[in-house]
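[1] Next one to model:
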Amino acid sequence: APVAGVFQETIDGAAYLLAMVLPATTPVQSTPPRDIIFVLDRSGSMAGDSIRQAKQAIRMALDRLRPVDRFNIIRFSSETDQLFKGLRDASPFNLISARNTLEKTDANGGTKMAPALKLALSDKGREGRLKQIVFLTDGAVGNEEELLGIIRGMLGADRLFTIGIGSAPNSYFMRQAARVGRGSFTYIGEQSEIAERMTALFEKLEHPAMIDLRAATYD
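    Next up is the predicted model:
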């Protein structure tokens, strides 16, 4: 069962409290409906194996969506576009549209990541739904601090999960983005690793340790 504890310490006459909550040893079984946005880097640095790995990873994720879930795909290079104008139900028709779009996606152009991040973070989910952003990129950017500032300022209740693609992703940015985004970082270096690494990530996305946390103080 979940365990909670409160620790108190007095320093220079001021009282300090630390609350610790440990989740149950088994994940939440009744996962609420999810709003999930896939952000796909299709810039020139992703050409070749990297874009193929990224598209395969998204296809695997689409296969696991439930009818109660909603999703969208945002792509970026020199420009940013999105599959739908907002989150859509994971219906058979919408999933076919997503797979067709992935099939026709290639990699070229520059890497303007900020507009894609802002677009993903601005589409807020509804109350009672779990909002998750899955970001697939090699992180070939030089403005890491600006991007991390965007995440800090716009994250809200969202969760950001990063997937590093290719032989030499920008691990510093990817790890920091996941930390600031209260998610996790997954690295995929080879085609043969996609199934294993993505399955592990799916377990995190589909079975959160705790949901609907609230904190209250009483006199």
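
[2] Pull out the buried positions in the helix ranked longest in the chain.
    Of all segments of type helix in the chain, defined using DSSP state H, the longest is helix 49-63. Neighbour-count burial for helix 49-63, counted by 16 or more other C-beta atoms under 10 Å, picks out 50-51, 53-59, 61-62. Where you see a C-beta, it was placed from the backbone N, CA and C, and this is true even at glycine.

[3] Other residues contacting the helix-or-strand element of the chain with minimal mean pLDDT?
    Of all helical and strand segments in the chain, the minimum by mean pLDDT, DSSP states H and E falls on helix 194-206, at a mean of 83. Contacts made with helix 194-206 from outside it, assessed by C-beta atoms under 8 Å, 6 or more residues apart in numbering, are listed as 27, 31, 34, 36, 53, 56-57, 60-61, 64, 132, 134, 161, 163, 184, 186-188.

[4] packing partners for the longest helix of the chain?
    The helices and strands touching helix 49-63, judged by 3 or more C-beta pairs under 8 Å, 6 or more residues apart in numbering; DSSP states H and E, are strand 34-41, helix 92-103, strand 130-137, strand 159-165, helix 194-206.

[5] Could you check the angle that helix makes with helix 92-103?
    Calculated by axes from the mean of the first three to the mean of the last three C-alpha atoms, to 10 degrees, helix 49-63 forms an angle of 170 degrees with helix 92-103.

[6] ok, and what's touching helix 49-63?
    With contact meaning C-beta under 8 Å, 6+ apart, helix 49-63 is reached by 36, 38, 40-42, 46, 71, 73, 90, 95, 98-99, 102-103, 105-107, 134, 136-138, 163, 165-166, 188, 191, 194-195, 198, 202.

[7] Of those residues, keep whichever come out buried.
    36, 38, 40-42, 46, 71, 73, 90, 95, 98, 102, 105, 107, 134, 136-138, 163, 165-166, 188, 194, 198.
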